[in-house]
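[1] build the 3D model from these lines:
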Amino acid sequence: MFELTRYDGRHRLKGSVYLSIAMSLLAIIVIWIYPSFSGSFEDVDEEFLQAYPDQIIQMFNIQTMASLEGFLAFELYVFGWIILLGLYLAYLAAGTIAGDVERGRMDILLSMPISRARTVGEKFASLGVPIVVVNVITPIVVYVTALLVGEPLSAADLAAVHLLSIPYLFACAGIGLLASVVVDRTSIAQRIALGVTFGLFMLESLLSGTDYEAIGAIAPMRYFDPNEILLESTYDLVGAGVLIAMTVACVVVSQLWFRRRDIQ
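    Okay, the predicted model is just below:
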């Protein structure tokens with residue numbers, strides 16, 4: 001049971017550690033440079049934000065730069081987690097099925113006593129390795145670095161932002177999985193996944209606060225807000241449930257699609 005998950009998970013472990021190191025370095029840089037700007041932010045935070053175009057403020061949901069929490073929410077979690085990691089997981093998931101089909105390995109897998117639905121499910125489950133590893137290592141680095149620069153963070157809020165990012169990243173991976181079962185070419189599936197994920201981010205960002213805001217409900221980004229967690233200690237468990245439902249829907253649709261398609 002879960003042989004494919006264990007096999008793929010082991011092969012993703014090294015890359016997951018490298019990913020965690022990269023995100024941890026980004027976190028260290030962001031936190032380390034904050035004290036040199038914090039004084040000016042506290043004095044002219046409103047003026048500083050007014051210097052940004054309204055579209056940028058809305059797109060990145062910048063609330064404040066006068067606290068480390070606000071600085072991290074913008075520089076690390078909106079940019080690093082919502083955009084970079086969201087796109088990376090969609091890209092990674094887009095190669096799970098399409099990659100094996102393109103390389104001719106899927107025929108071997110399907111010759112084993114394992115259903116197509118289980119193949120899709122177990123390969124998707126292996127993406128939990130990078131998602132979990134990056135959300136275990138990075139918060140430790142963030143917390144310790146913040147202490148070193150004299151700007152301690154709430155451990156509960158920091159843990160919450162990473163725990164609640166897990167359903168979001170799985171939802172982004174679900175988009176990639178759908179692309180992976182729809183097309184055979186890995187490169188095409190990855191481009192589709194990147195385009196759809198970034199398009200949903202832009203859709204939610206640009207339609208927020210407009211008469212068409214309801215359309216953005218299809219975007220996973222609506223249901224994960226680092227600002228609410230870090231600045232207000234508000235944990236959107238309903239949003240996390242919506243993200244889990246999105247992920248399950250993507251996996252089920254992918255399984256149904258893959259069961260009906262021919263392997264070329």
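
[2] what's the following helix or strand after whichever helix or strand Ala193 is part of?
    Per DSSP states H and E: Ala193 is located in helix 186-207. Next along the chain after helix 186-207, taking DSSP H and E as the criterion, comes helix 226-232.

[3] chain center to that following helix, what's the gap?
    Offset of helix 226-232 from its chain centre (CA atoms, centre = their mean, to the nearest Å): 17 Å.

[4] ok, now stretch 19-32?
    Its chain's C-alpha centre and that of stretch 19-32 lie 16 Å apart, by CA atoms, centre = their mean.

[5] can you give me the buried ones in that stretch?
    19-20, 23-24, 26-28, 30-31 (16 or more other CB atoms under 10 Å). For glycine as for every other residue, the C-beta is placed from the backbone atoms N, C-alpha and C.

[6] pretty sure Leu19 contacts Tyr88?
    Yes - between Leu19 and Tyr88 there is a contact at 7.5 Å, judged by CB atoms under 8 Å.

[7] thinking again about what came up before, what's the helix holding Ala193 packed up against?
    Here helix 186-207 touches helix 54-60, helix 86-94, helix 96-103, helix 155-182, going by 3 or more CB pairs under 8 Å, 6 or more residues apart in numbering; DSSP states H and E.

[8] hmm, who's touching that helix?
    With CB atoms under 8 Å, 6 or more residues apart in numbering as the contact definition, helix 186-207 has outside contacts at 55, 58-61, 82-83, 86-87, 90-91, 93-95, 98-99, 102, 172, 175-176, 179-180, 182-183, 213, 215-216, 218-222.

[9] change it to 7 Å
    Helix 186-207 is contacted from outside by 58-59, 83, 86-87, 90-91, 93-95, 98-99, 102, 172, 175-176, 179-180, 183, 213, 215-216, 218-222, using CB atoms under 7 Å, 6 or more residues apart in numbering.

[10] residues of stretch 180-194 that come out buried?
    Buried residues in stretch 180-194 (16+ other CB under 10 Å): 180-184, 186, 189-190, 192-194.

[11] export the residues you listed as CSV, with columns for distance to Leu206.
    Listed next are the buried residues of stretch 180-194 as CSV, based on distance: CB to CB, whole Å:
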residue, distance to Leu206
Ser180, 27
Val181, 29
Val182, 26
Val183, 28
Asp184, 33
Thr186, 30
Ala189, 26
Gln190, 24
Ile192, 21
Ala193, 20
Leu194, 18
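
[12] Asp236: which of those residues is nearest?
    Closest approach between the buried residues of stretch 180-194 and Asp236, by CB to CB: Ala193, at 25.0 Å.

[13] so the closest one versus Val242, what's the distance?
    The spacing between Ala193 and Val242, counted by CB to CB, to the nearest Å, is 20 Å.

[14] Ile21 too?
    Distance of Ile21 to Val242, computed by CB to CB: 31 Å.

[15] quick check: next helix or strand after the worst-scoring helix or strand of the chain on mean pLDDT?
    Lowest mean confidence among the helices and strands of the chain (mean pLDDT, DSSP states H and E): helix 54-60, at a mean of 61. Under the assignment DSSP H and E, the closest C-terminal helix or strand after helix 54-60 is helix 68-72.

[16] check which helices and strands that following helix is in contact with.
    helix 3-51, helix 226-232 (3 or more CB pairs under 7 Å, 6 or more residues apart in numbering; DSSP states H and E).

[17] what mean pLDDT does that helix get?
    The average pLDDT within helix 68-72 is 86.

[18] which residues make contact with it from outside it?
    Under the contact criterion CB under 7 Å, 6+ apart, helix 68-72 has outside partners 30-31, 34, 63-65, 146, 151, 153, 230-231.

[19] sort those residues by pLDDT and name the bottom one.
    pLDDT across those is lowest for Gln63, at 61.

[20] picking that back up, from the buried residues of stretch 180-194, which is closest to Ile114?
    Closest to Ile114, out of all of the buried residues of stretch 180-194 and judged by CB to CB, is Val181, at 15.9 Å.

[21] does the closest one touch Ile97 like I think?
    Yes - counting by CB atoms under 7 Å, Val181 does reach Ile97; the two are 5.1 Å apart.
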